[in-house]
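> Sequence plus predicted model, see below.
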Amino acid sequence: MLGTVNRILLAVAGTVLLAAGIVVLTGAWPLHGRRAPLLSEATRSRYWHADGWWWWAVVAGLAVGVLLALWWLLSQLRRSRLGAVVVDTGDGAFALLRGRALEAAVAAEAGAVEGVAGCRVALRGRRGSPALRVALELEPHAVPADALAAVAGPVLTHARTSAGLPELPAEARLKVTSHRSQRVT
Amino acid sequence: MTARRSGRVHRFRSARRIPAALTALVVLGVAGLFLYDLAAVRAGRPGMSWRRDLADGLATHTPADLGVQLIAGAAALAGAVLLLLALAPGLRGILPMRPPDGPYGPDGPDTAARVRAGLGRKDAAQILRDRAMEVSGVRSVRVKVRRSHVGVRATSHFRELDDVRADLDAVLAVGIEELGLAHPPQPRVRVRR
């Protein structure tokens, strides 16, 4: 979600900058050729006079731009970690499961899997549709496909059913504990 | 590189937080500066001097001036970089893994297959290096994992080179299969003394 917004806004900014640069380099429209001033006195006083409704329009546009840029910047800094999940208890009531508790449970269970040296889990997404991000560190001799299957099968299914969620998408990133190469003979 | 074994496994895409934050900062700074200056002028205070300088500069310089061309070139280059950042997936160091639990068809609602997994390229290389070092006759190995192939350079200190190469091929085939990647890369083995 954030990635999509970022990419669209970056593409818009990039297109604007690229177009402006090319227009100035070539002197094409709306400039008047390569020998004409970039913004002549006459043009400026015709279009950029600071009075009347035009002033208000410019100020309003700038204010909207400032607010949007501020929102965009803050949404990059915010950590998209989910504090709690709503659990349907089945009797018409709801319970809140704290995100930290779910993260710790999944991390402990995944850390106990054969070949997994360490595991960090973050709960992300929205309250109604949470998602897990799992960073697995494997031991050097582990088989990544098997470790992933062991985590994805029992561990994540357990987490999903115990939290009573219809689905719990997960993203796993696997690393291997690094060590120096050595001969075994 | 389209999916060979599964149409549902996509590459990891970066969220582009840092370029977005930098662009937002620049936009915020420029728009805020103009807004402040406009409001200051409206409130009866004199405008900042840079605005007069900017207007004078725009009125005197033409696109043929060297300074203007440099600035325009820099702007176009920055725009191209931003466009590239917006379009390229990023996260080249992560190889997508195929979802566990066998079938590569549409996932059932209650399977564990809603897992997107990725393995670091360096980590895959280290695993393959460890496998290759176990082949007898191999003294040292350098492994580079790319998206479509794995480059393996081994030096051997005894046994026939062809035997070592055959053993390496077999070991690497198993090793690559056990990485569980969505698009298994092809090994390219070179063995020398």
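It's in.
> Show me what counts as buried in the helix or strand bottoming out on mean pLDDT in chain A.
Using mean pLDDT, DSSP states H and E, helix A:41-47 stands out as the lowest-scoring helix or strand of chain A, at a mean of 70. If you call a residue buried by 16 or more other C-beta atoms under 10 Å in any protein chain shown, then helix A:41-47 has these buried ones: A:Thr43. Backbone N, C-alpha and C define where each C-beta goes, glycine included.
> Give the next helix or strand downstream of the worst-scoring helix or strand of chain B on mean pLDDT.
Across the helices and strands of chain B, the lowest-confidence element by mean pLDDT, DSSP H and E is helix B:49-60, at a mean of 80. Note on helix B:49-60: by DSSP states H and E, the next helix or strand toward the C-terminus is helix B:66-87.
> For that next one, name the packing helices and strands.
Here helix B:66-87 is seen to pack against helix A:2-26, helix B:17-42 when contacts are counted using 3 or more C-beta pairs under 8 Å, 6 or more residues apart in numbering or on different chains; DSSP states H and E.
> does A:Ser178 sit in a helix, a strand or a coil?
When states are read from DSSP: H, G, I helix; E, B strand; the rest coil, the local structure at A:Ser178 comes out as coil.
> actually A:Leu174, sorry about that
Following three-state DSSP, the label given to A:Leu174 is strand.
> Distance of it relative to B:Arg116?
Using C-beta to C-beta, to the nearest Å, one gets 12 Å for the distance from A:Leu174 to B:Arg116.
> B:Leu84: which of the helices and strands packed on helix B:66-87 is closest?
When those are ranked by proximity to B:Leu84, the top entry is helix A:2-26, at 7.8 Å, counting by C-beta to C-beta.
> rewinding a little: just send the helices and strands packed on helix B:66-87 back as CSV, with mean neighbour count and mean pLDDT too.
As requested, those are exported to CSV (neighbours: other C-beta atoms under 10 Å in any protein chain shown; pLDDT from 0 to 100):
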stretch, mean neighbour count, mean pLDDT
helix A:2-26, 17, 91
helix B:17-42, 17, 90
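> so can I have TSV of the ones you listed showing distance to A:Leu132?
As requested, the helices and strands packed on helix B:66-87 are exported to TSV (distance: least, C-beta to C-beta, whole Å):
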stretch	distance to A:Leu132
helix A:2-26	17
helix B:17-42	20
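> Please consider this matter closed, and thank you.
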